[in-house]
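[1] Output the structure for:
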Amino acid sequence: MNTKLLLKMLFIILVALLLVLMGMNNHHKVDFTLPPFLTRVVQQPAALMYLAFFAVGLLTGTIMTAGGGKKGGGAKSGQK
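    Next comes the predicted model:
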């Protein structure tokens with residue numbers, strides 16, 4: 001197995017464990033305001049807010065790194 005892939009998988013498992021622990025221990029509600037987009041205060045449990053922000057960050061990172069790979073089919077320059 002690829003070492004880089006294994007390390008990434010372990011990191012994701014550790015982050016998931018952290019999310020589970022936060023969900024079990026943070027039941028207090030917190031206020032979230034975003035004046036340009038939300039006209040009222042949103043109250044949710046702290047763990048749910050953290051999960052939502054983590055999901056948005058993960059999705060943003062995935063979109064930013066998706067694609068951009070080298071296109072195959074052509075010969076590399078400098079080789080004959």
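[2] Phi first, then psi, for M49.
    With angles defined as degrees, to the nearest 10, M49 sits at phi -60, psi -40.
[3] what's the distance between the residue most central in space within the chain and A52?
    Nearest to the geometric centre of the chain sits L58, at 1.6 Å (CA atoms, centre = their mean). To A52, L58 is 11 Å away according to CB to CB, to the nearest Å. Where you see a C-beta, it was placed from the backbone N, CA and C, and this is true even at glycine.
[4] mind exporting the helix or strand that A16 is a member of as PDB, just the C-alpha atoms?
    Secondary structure assignment for A16, by DSSP states H and E: helix 3-25. The C-alpha atoms that make up helix 3-25 are tabulated as PDB, following Å, rounded to 0.1, in the frame of the first residue of the first chain:
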ATOM      1  CA  THR A   3       2.600   5.200   2.400                       C
ATOM      2  CA  LYS A   4       1.200   8.600   1.600                       C
ATOM      3  CA  LEU A   5      -2.300   7.100   1.100                       C
ATOM      4  CA  LEU A   6      -2.000   5.300   4.500                       C
ATOM      5  CA  LEU A   7      -1.000   8.500   6.300                       C
ATOM      6  CA  LYS A   8      -3.900  10.400   4.800                       C
ATOM      7  CA  MET A   9      -6.300   7.700   5.800                       C
ATOM      8  CA  LEU A  10      -5.000   7.700   9.400                       C
ATOM      9  CA  PHE A  11      -5.400  11.500   9.500                       C
ATOM     10  CA  ILE A  12      -9.000  11.300   8.300                       C
ATOM     11  CA  ILE A  13      -9.800   8.600  10.900                       C
ATOM     12  CA  LEU A  14      -8.300  10.800  13.700                       C
ATOM     13  CA  VAL A  15     -10.300  13.800  12.600                       C
ATOM     14  CA  ALA A  16     -13.500  11.600  12.500                       C
ATOM     15  CA  LEU A  17     -12.700  10.400  16.000                       C
ATOM     16  CA  LEU A  18     -12.300  14.000  17.100                       C
ATOM     17  CA  LEU A  19     -15.700  14.900  15.600                       C
ATOM     18  CA  VAL A  20     -17.300  12.000  17.400                       C
ATOM     19  CA  LEU A  21     -15.800  13.000  20.700                       C
ATOM     20  CA  MET A  22     -17.000  16.600  20.200                       C
ATOM     21  CA  GLY A  23     -20.500  15.500  19.400                       C
ATOM     22  CA  MET A  24     -20.600  13.400  22.600                       C
ATOM     23  CA  ASN A  25     -19.400  16.200  24.900                       C
END
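[5] Understood, closing this out.
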